[in-house]
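**Q** return atomic coordinates for the entry below.
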Amino acid sequence: MVFNSLEFILFGILFFLFWPIFRRKNNSRWIYLTICSFIFYGWWDWRFLFLIIGSGLIDFYCGHKIHISENQGKKKRYLILSLIGNLGSLSVFKYSRFFGETLEDLFGFFGVSIQLVERIPDFALILPVGISFYTFQSMSYTIDIYKKQLQPTKNIFHFFAYLSMFPQLVAGPIVRAKHFLDQLSKYRIPNTLEIWNGLKLVAYGMFQKVVIADNMAFLVDSAFEGKAPYSGTLFWWMVMIGFSLQIYADFSGYSSIARGLAKLMGYHFRMNFNHPYLSKSFKEFWARWHISLSTWFRDYVYIPLGGSKNGKWAFYLATISTMLLSGLWHGANYTFIAWGAIHAFWLLLEKQTKWNKRISIEGLVIAIVFIQTLIGWVYFRAENIQQAHDVFAHMFLYESTPLKCVNFYINNIVFIGLAIIIEVMVYYRKKHLYIACLNKKYHLDVLWVSFAVILCLFFRGDGAQFIYFQF
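**A** A predicted model of the protein is given here:
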């Protein structure tokens with residue numbers, strides 16, 4: 001079930017109706033969270049519950065063994081078992097077709113015909129919702145135990161309450177055990193401010209999803225599916241700006257709803273997006289975009305590979321490897337690998353030239369960084385590399401666009417403008433600390449939430465699942 005559905009509204013009402021009863025004691029709290037989260041996840045396909053349960057059991061067992069083992073060799077073997085379990089399930093269910101097609105193309109280049117894809121079992125070609133998120137979350141548990149940064153839990157329901165907690169289960173943010181297991185161990189009732197902030201996050205997240213993201217879908221999808229009646233440079237720039245706002249509003253909206261639901265339960269998830277399109281460097285963009293994933297790759301890939309403190313070549317290797325793996329994490333397609341390579345190039349270029357430090361006009365720097373992200377989004381959204389090349393050519397080799405295009409997509413243009421205005425207003429409102437209840441501007445927040453709810457009711461786009469469900 002998805003947040004913007006009637007099923008989830010009913011599920012949420014029932015969950016919070018009984019939550020005050022079950023949250024009082026640890027065992028009842030953990031069991032209730034686990035059962036409800038399994039119902040939430042199993043709503044798509046109950047058979048894939050066995051996958052998350054199997055992955056969780058392996059990591060719970062390996063975490064315990066790593067902790068009690070005195071021999072470093074044994075610790076490492078249990079860590080490897082955990083990694084194989086998680087990365088193995090990802091490889092089978094997410095990348096088996098991609099690997100098969102790649103090998104077929106490779107052998108075909110040398111004139112050898114092999115048929116691998118047709119031999120892959122049907123169940124392995126179905127992508128379980130949220131598998132990339134919960135496998136990374138589960139892996140961090142055993143890795144942190146191995147690095148002696150976390151004490152393992154002895155209660156299986158405590159572990160599964162963390163791993164499968166429904167607000168962030170299928171599209172993040174990726175919550176670390178060392179940040180969240182302790183929260184789950186405490187009984188607390190959210191205060192009035194936390195409840196209000198939770199409701200605000202849910203309302204704003206719904207607004208981002210159903211008003212902004214869903215109203216961009218017609219423009220973006222018609223263009224990339226070849227159904228748009230127009231083309232040209234202006235048209236494709238409009239499409240890519242629309243997509244940049246669509247994917248941001250869609251994913252940031254999901255994260256906001258997840259954080260809001262957690263606050264209503266008495267928990268805190270860390271911020272996952274912090275106005276990334278207002279970044280003044282590409283490095284800053286990655287410190288603001290999908291923060292839980294970028295910090296995961298920083299801690300478990302970038303730093304172990306050398307990071308920025310072990311010389312120039314270690315930095316190159318760490319940056320390129322991290323961004324390529326980040327691209328592959330998003331999907332089994334060469335377009336995502338190209339997207340990762342583009343981001344690695346921008347990061348290395350910025351590191352070497354420090355171009356953003358040479359420009360004194362802040363607005364110009366922000367615009368350049370935004371254009372850099374747009375170029376990456378072309379390859380992220382395209383169905384294949386050739387389509388991405390074609391879109392890139394349309395954008396930078398001038399082709400005229402009929403003015404009728406503006407009239408045809410006027411609704412989408414209006415929502416593009418609305419998204420930009422609201423994003424800038426929210427950013428500067430936070431920047432100048434106009435925060436509800438803390439500065440007695442409570443009525444302003446009531447106005448904001450009311451405005452968001454009204455727009456959700458009367459200006460929602462065609463219902464669609466969240467984009468990051470496919471990852």
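**Q** please make it C-alpha for all contacts and neighbour counts, starting now.
**A** OK.
**Q** does the residue of the chain most remote from its centre sit in a helix, a strand or a coil?
**A** Residue distances from the centre of the chain (C-alpha atoms, centre = their mean) peak at Gly111, which lies 40.1 Å from the mean C-alpha position. For Gly111, the assignment made with DSSP: H, G, I helix; E, B strand; the rest coil gives coil.
**Q** Ser231 too?
**A** Once three-state DSSP is applied, Ser231 turns out coil.
**Q** OK, contacts around it?
**A** By C-alpha atoms under 8 Å, 6 or more residues apart in numbering, the contact set of Ser231 is Thr401.
**Q** any low-confidence regions in the stretch 1-150 of the chain?
**A** 1, 117-119, 121-125 (pLDDT under 70).
**Q** how about the nearest residue to Asn274 once chain neighbours are set aside, what does it touch?
**A** Residue nearest to Asn274 in three dimensions, not counting chain neighbours: Arg288, with 4.8 Å by C-alpha to C-alpha, 6 or more residues apart in numbering. Residues in contact with Arg288 (C-alpha under 8 Å, 6+ apart) are Asn272, Phe273, Asn274, His275, Pro276, Ser279.
**Q** equivalent analysis for Ile21, please.
**A** By C-alpha under 8 Å, 6+ apart, Ile21 lies in contact with nothing.
**Q** any idea which element it lies in?
**A** helix 6-22 (DSSP states H and E).
**Q** past that helix, which element shows up next along the chain?
**A** Next helix or strand after helix 6-22 toward the C-terminus (DSSP H and E): helix 26-42.
**Q** how about Phe273, secondary structure?
**A** Relying on three-state DSSP, one would call Phe273 coil.
**Q** so which residues of the stretch 101-250 of the chain form helices?
**A** Ranges of helices in the stretch 101-250 of the chain, per DSSP state H, counting those that start in this stretch, are 131-146, 156-164, 177-184, 192-206, 214-224, 233-265.
**Q** of all those helices, which one is nearest Tyr409?
**A** Of all the helices of the stretch 101-250 of the chain, helix 214-224 sits nearest to Tyr409, with 7.0 Å by C-alpha to C-alpha.
**Q** list the buried residues of the closest one.
**A** Asp214, Asn215, Met216, Ala217, Phe218, Leu219, Val220, Ala223, Phe224 (16 or more other C-alpha atoms under 10 Å).
**Q** now stretch 280-287
**A** For stretch 280-287, a neighbour-count test (16+ other C-alpha under 10 Å) marks Lys280, Ser281, Phe282, Lys283, Phe285, Trp286, Ala287 as buried.
**Q** equivalent analysis for stretch 356-368, please.
**A** Asn356, Val365, Ile366, Ile368.
**Q** including secondary structure and distance to Asp45, could these go into CSV?
**A** Listed next are the buried residues of stretch 356-368 as CSV, based on DSSP: H, G, I helix; E, B strand; the rest coil; distance: C-alpha to C-alpha, whole Å:
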residue, secondary structure, distance to Asp45
Asn356, helix, 48
Val365, helix, 46
Ile366, helix, 43
Ile368, helix, 43
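**Q** roughly how far apart are the residue farthest from the centre of the chain and Leu403?
**A** Using C-alpha to C-alpha, to the nearest Å, Gly111 is found at 50 Å from Leu403.
**Q** just Asp299 next, same as before
**A** Taken as C-alpha to C-alpha, the span from Asp299 to Leu403 is 49 Å.
**Q** more neighbours, the two?
**A** The neighbour comparison of Asp299 against Leu403 (other C-alpha atoms under 10 Å) goes to Asp299, with 14 against 11.
**Q** for the more buried one, helix, strand, or coil?
**A** helix.
**Q** give me the pLDDT for Ser244.
**A** The model reports Ser244 with a pLDDT of 94.
**Q** for it, give me its contacts.
**A** Leu374, Trp377.
**Q** equivalent analysis for Ile413, please.
**A** Val406.
**Q** any idea how far the helix or strand where it lies is from the chain center?
**A** If you go by DSSP H and E, Ile413 is part of helix 410-431. Mean-position distance between helix 410-431 and its chain equals 21 Å (C-alpha atoms, centre = their mean, to the nearest Å).
**Q** could you point out which element follows that helix?
**A** helix 442-458.
**Q** ok and that following helix relative to helix 192-206, angle-wise?
**A** Counting by axes from the mean of the first three to the mean of the last three C-alpha atoms, to 10 degrees, helix 442-458 points 30 degrees away from the direction of helix 192-206.
**Q** got the CA positions of helix 442-458 in CSV?
**A** Output of helix 442-458 as CSV, limited to C-alpha atoms (Å, rounded to 0.1, in the frame of the first residue of the first chain):
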residue,chain,number,x,y,z
TYR,A,442,1.8,29.4,15.1
HIS,A,443,-0.9,30.9,13.0
LEU,A,444,1.5,31.0,10.0
ASP,A,445,2.0,27.2,10.2
VAL,A,446,-1.8,26.6,10.5
LEU,A,447,-2.2,28.7,7.3
TRP,A,448,0.6,26.7,5.6
VAL,A,449,-0.9,23.3,6.5
SER,A,450,-4.4,24.4,5.6
PHE,A,451,-3.2,25.6,2.2
ALA,A,452,-1.4,22.3,1.6
VAL,A,453,-4.4,20.2,2.5
ILE,A,454,-6.7,22.3,0.3
LEU,A,455,-4.4,21.9,-2.7
CYS,A,456,-4.1,18.2,-2.0
LEU,A,457,-7.9,17.9,-2.1
PHE,A,458,-8.6,20.0,-5.2
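**Q** show me which positions of that helix end up buried.
**A** Buried residues in helix 442-458, defined by neighbour count with 16+ other C-alpha under 10 Å: Asp445, Val449, Ala452, Val453, Leu455, Cys456.
**Q** for stretch 23-36, same thing?
**A** Within stretch 23-36, the residues that count as buried by 16+ other C-alpha under 10 Å are Arg23, Asn26, Asn27, Arg29, Trp30, Ile31, Tyr32, Leu33, Thr34, Ile35, Cys36.
**Q** and the two most separated of these?
**A** Asn26 and Cys36 (15.4 Å).
**Q** tell me how many other residues surround the nearest residue to Ser28 once chain neighbours are set aside.
**A** Leaving aside its chain neighbours, Ser28 sits nearest to Phe22 (5.4 Å; criterion: C-alpha to C-alpha, 6+ apart). For Phe22, the count of nearby residues is 15 (other C-alpha under 10 Å).
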